[in-house]
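Student: Give me a model of this one.
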Amino acid sequence: MEKKDKPAENGSKTLTRLKALYDFMSQHGLETLEVADAEGQARLVRAGAPAPVQIVTAAHAAAFTAGPPHPGTPAGPAAPALPPGAVTIKTPMMGIFYRAPSPSSPPYVKDGEKVQAGHVLCMVEAMKVFNEIKAEFPCAVLTILVENGKAVKSGQDLFVVQRA
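Tutor: Model (predicted):
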């Protein structure tokens, strides 16, 4: 008799877990959610959810700020002390930071390199979409603040640059 009760018990736990995940999606406005942990794997897609599409243009690809962040800006790691006239380039989204288009390719930019407006500085992968982060003005890259392949938070500093 116990053997028959166990599958029903496991099914009940699974349904409870899926409901909790769906409630989490609803509370945070998520259309899809993938979870893999010791309890198993789950991929939830809300009914009627559009396929995730993200188009990034140079106009909104990077947020440029000088000095301290504006109130309400998500906090990333502590910003470095900036040289006079330098600004930081922040990521507009969370994801994985990539310095090059592929592991065998050279990086988009190096420390000290001068670039023109529209030059790709890096890519941030979010939900399997690779988003180019471009320079919005001519500049010299003073410092690259993130290691290749590392996760970044929305609003996190990626580069310190000097306007050319």
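Student: got a pLDDT number for residue 14?
Tutor: Residue 14 carries a pLDDT score of 73 in this model.
Student: hang on, it is in a strand, isn't it?
Tutor: No. Residue 14 is assigned helix when assessed by DSSP: H, G, I helix; E, B strand; the rest coil, not a strand.
Student: ok, now how distant is it from residue 147?
Tutor: As judged by C-beta to C-beta, to the nearest Å, residue 14 and residue 147 stand 38 Å apart. The C-beta positions use only the backbone N, C-alpha and C, and glycine is treated the same way.
Student: Ok, residue 81 next?
Tutor: 20 Å.
Student: next one: residue 13
Tutor: 39 Å.
Student: what are the pairing partners of the helix or strand hosting residue 87, and which direction each?
Tutor: Residue 87 is part of strand 86-90, with elements assigned from DSSP states H and E. Strand 86-90 pairs in its sheet with strand 63-65 (antiparallel), strand 157-163 (antiparallel), by DSSP bridges.
Student: and the longest one, which residues are buried?
Tutor: By that I understand strand 157-163. Using 16 or more other C-beta atoms under 10 Å as the test for burial, strand 157-163 gives 157-161.
Student: would you list those in JSON lines and tack on distance to residue 121 and pLDDT?
Tutor: Shown next, in JSON lines, are those (distance: C-beta to C-beta, whole Å; pLDDT from 0 to 100):
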{"residue": "157", "distance to residue 121": "12", "pLDDT": "94"}
{"residue": "158", "distance to residue 121": "7", "pLDDT": "96"}
{"residue": "159", "distance to residue 121": "6", "pLDDT": "95"}
{"residue": "160", "distance to residue 121": "12", "pLDDT": "94"}
{"residue": "161", "distance to residue 121": "9", "pLDDT": "95"}
